[in-house]
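*Asks:* Pasted the sequence and its predicted model underneath.
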Amino acid sequence: MVLLGEVHTSPVLHVRTLCCRVHQSWQTNFSYLLPTHPCQNVVVTQQFQVWQDIGEQFPQAFLMQDHGLKAYAGFPLCLGQGAPPGLIAVMSRQPWKDPQALQQQLAALAQEFTDRHDAALNAIERTRLQREIDLHKGFFREYLLDNPTGLSLSEFMPPIPLNRSEDEVVERVMHTGFIVECNRAMASMYGYPDAAAMLGVRPIDAIGAEKARRNAAFWVRQKFDIRDAESQGVDADGNVTWVSGSVRGKIANGKLLRYWAKRRDLTTQKQYEAAIEHKAHHDQLTGLPNRYWFQEHIAALTKDHAERGKRFCVGLLDLNGFKEINDTLGHAIGDQILQALAVRLLKGLKFHGAEMARLGGDEFAIIMPEIADVTKAEAMAHSLHKLLTEPFNVEDMQLSVGGSLGLALFPDGPASTEDLLRQADVAMYAAKKDGVPMRWYQPEIDKHSKRRLSLLTSLGSAIEQNELFLVYQPKIDLRNGQLYGFEALVRWQHPVHGLIPPNDFIPSAESNEVIRPLTQWVLDAAIRQGAQWLASGQRLRMAVNVSVRNLLDENLQACIAACLRKYAFPAELLELEVTESALMTRPAQAMDILQSLRTLGMSIAIDDFGTGYSSLAYLARLPVTTLKVDQVFVKDMVQSKSEEQIVRAIIGLAHQCQLTVVAEGVEDEATLTALRAMGCDLAQGYYIARPMPAAAAGEWISAERAGKS
């Protein structure tokens, strides 16, 4: 083997051959690592080097191993001013008989090269440049052809002078811009069978004269540079499509020479976004808007009507006797009635210009966006009552459901969304209590709010008198089925009212200063219990919920740090769960508080993800570690392909953002199996275990550990 090579230091120290001949045959130029071959001694010493048996001295000299070469001789070479170092190397399968003669021959060859190096260097330079061209052209051609993004290069034949009128430039763009490079994705987007079929195509050929002229005119007005512009269209089957496109022109000497185009299909992404948005704002059973849509709509109406001096009406409807239907005939029949009822009521309410949402269970909300006279709302209520009393034919039975409707007017009362909804809620409970179809809100019937106020004022003393206690719901690791940790949930055993559901006091507490001592009590109790389990050898994570008022409390970090020190509980075992809506209330302040909490070493989880339709890209910038998929997405994912796709998409996106994913509301084995197959990390729900007091949780831990052993 005889080779002429040049030494390069980037990206690694190597020799690149400029010509190579093996056994009377020219070889394609190649590279080999310098440190593993005897060539390194030639480069370092800049002197002739000879080796008779290089197998032991250079065990990784793969170039010589591949050809069975044993002996080596090399001589340094100058390839010209500013050029990299060079060398001439001769290798043989047999030992050298006369190394001194070989040195003289190589020296003579090097001298001849030096004397006549101009022609040789020109040939070498041509070889080097052609190699670079072939390498980059091959690389970028493969990249271009296989890229899922549509890419093309078009050339104007001839170039377009830009001193012409706009109309003339537009016409030239349409008719003289021929595609000279194109990949498969771009051809497919325009309906061509392959990339070759699209070569020579002009804009007017691809999209027609009218659209080509409109696009060209817009491009000209944008100074021949459009980047990532989104557009909507319709495909051959009538389906809506979305595309993001960039078109960048090349101008030289006052002429438009060519342009590069890039098109990316956004249809799947837009469909996922629309599905998530629809899921977040619509009830899956009835297809009606849900509670979150209703709250947002009411807030928008409140602001708009306050500025315009207009009135609107809000109604809350609760069905009567529906629980008995569910208990007697089962939830499947109950769901059918809800679906049929939604269709019937929605059709009837449209006549009155009213909108409807399902808040959950058998509770619905009604909005009349503009109302000048209360009689209009009362007429709507009368029609609603008639529609409710019409029977449903179910399993050879005629079933009727009644309803209690509470109405409140804006701006007759306090001008806030929360107060308006509370007034409608109070009126609805008054109608139910009195056995009448409808009641308007009046201050004298507002006894329900007094009860809540009473609970709120007594919550502080309940903390001091140990009326509160915690229950713990397990989370399991889906990779191995083992217990991962617990979520701590607060309960209230009232001495007079008995066990009070969390929904009866937590929402009110979150809007009041009492949430701070309540959260401090929960943190103290949860961390104390976690420390007790840790002392018994159970290293388990403990999750605690914090509200938006807690999140914006600058003393929260100090409070948590004090609890951790008090019970010697490791910060890495504590996880704070913050609802998605709390994060979005004051994002900048939330970012600062979360950053300070993360410095303690604890984890931060986004609770109820998906219900607030926030941007995952924004949430990924927050210092959070965990994302909890809301149970509304998980509950029916096995029966619903669309819900399964949404859960799968959320898990994939969260993992791309390096977030651990927890699925809430797992109620059966099929859902658990599907989540495990999707790569979900953790799960919790009634199928795994219901929330339980500390003693029961301890027994559950022991039973779970015994079952795994």
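*Replies:* Sure thing, it's come through.
*Asks:* Mind listing residues that contact the helix or strand hosting L256?
*Replies:* Following DSSP states H and E, one finds L256 within strand 255-265. The contact list for strand 255-265 (C-beta atoms under 8 Å, 6 or more residues apart in numbering) reads 148-156, 159-162, 169, 173, 177, 185-186, 189, 224, 241-251. The way it works is simple: take the backbone N, C-alpha and C, and place the C-beta from them, glycine included.
*Asks:* After the helix or strand containing V343, which helix or strand is next? Please name it.
*Replies:* In this assignment (DSSP H and E), V343 forms part of helix 331-350. Sequence-wise, the next helix or strand downstream of helix 331-350 (DSSP H and E) is strand 355-360.
*Asks:* Who are the packing partners of that following strand?
*Replies:* Where contact means 3 or more C-beta pairs under 8 Å, 6 or more residues apart in numbering; DSSP states H and E, strand 355-360 is packed against helix 291-308, helix 331-350, strand 363-368.
*Asks:* partners of it, with directions?
*Replies:* Partner strands and pairing direction for strand 355-360 (DSSP bridges) are strand 363-368 (antiparallel).
*Asks:* and the partner strand, which residues are buried?
*Replies:* Buried positions in strand 363-368, judged by neighbour count with 16 or more other C-beta atoms under 10 Å: 363-368.
*Asks:* got the angle for whatever helix or strand comes next after it vs helix 331-350?
*Replies:* On the C-terminal side of strand 363-368, the closest following helix or strand by DSSP H and E is helix 374-389. Between helix 374-389 and helix 331-350, the angle comes out at 150 degrees (axes from the mean of the first three to the mean of the last three C-alpha atoms, to 10 degrees).
*Asks:* For helix 374-389, output the C-alpha coordinates as CSV.
*Replies:* Extracted C-alpha coordinates of helix 374-389, given in CSV (Å, rounded to 0.1, in the frame of the first residue of the first chain):
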residue,chain,number,x,y,z
VAL,A,374,-87.4,39.2,33.8
THR,A,375,-90.6,37.8,32.1
LYS,A,376,-88.4,36.5,29.3
ALA,A,377,-86.4,34.4,31.8
GLU,A,378,-89.6,33.2,33.5
ALA,A,379,-91.0,32.1,30.1
MET,A,380,-87.8,30.2,29.6
ALA,A,381,-88.2,28.6,33.0
HIS,A,382,-91.8,27.6,32.2
SER,A,383,-90.7,25.9,28.9
LEU,A,384,-87.9,24.2,30.8
HIS,A,385,-90.3,22.8,33.3
LYS,A,386,-92.6,21.4,30.6
LEU,A,387,-89.7,19.7,28.8
LEU,A,388,-88.5,18.2,32.1
THR,A,389,-91.9,16.6,32.9
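*Asks:* Now the element after it, going C-ward?
*Replies:* strand 392-394.
*Asks:* what packs against that next one?
*Replies:* helix 331-350.
*Asks:* what would the helices and strands packed on strand 355-360 look like in TSV with mean pLDDT?
*Replies:* TSV is the format used below for these (pLDDT from 0 to 100):
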stretch	mean pLDDT
helix 291-308	84
helix 331-350	87
strand 363-368	90
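*Asks:* Pick the most deeply packed of the ones you listed.
*Replies:* Counting by mean count of other C-beta atoms under 10 Å, strand 363-368 has the highest mean neighbour count of the helices and strands packed on strand 355-360, with a mean of 22.
*Asks:* and that one, how far from the chain's centre?
*Replies:* In terms of C-alpha atoms, centre = their mean, to the nearest Å, the centre of strand 363-368 is set 33 Å apart from its chain centre.
*Asks:* hmm, who's touching that strand?
*Replies:* Residues contacting strand 363-368 (C-beta under 8 Å, 6+ apart): 288, 291, 294, 297-298, 301, 312-319, 345, 349, 352-359, 376-377, 380, 384, 405, 424.
*Asks:* Which entries within those meet the buried criterion?
*Replies:* Buried, going by 16+ other C-beta under 10 Å: 288, 291, 294, 297-298, 301, 312-319, 345, 349, 352, 354-359, 376-377, 380, 384, 405, 424, out of the contacts of strand 363-368.
*Asks:* hang on, isn't S383 packed against G348?
*Replies:* Yes. At 5.5 Å, S383 counts as touching G348 under the criterion of C-beta atoms under 8 Å.
*Asks:* those helices in the stretch 601-709 of the chain, which residues are they?
*Replies:* 616-621, 631-634, 641-656, 669-678, 694-708 (DSSP state H, counting those that start in this stretch).
*Asks:* If you could redo that for the stretch 451-600 of the chain, that was the one I meant.
*Replies:* Counting by DSSP H, counting those that start in this stretch, the stretch 451-600 of the chain has helices at residues 502-510, 515-535, 548-551, 556-567, 580-585, 587-598.
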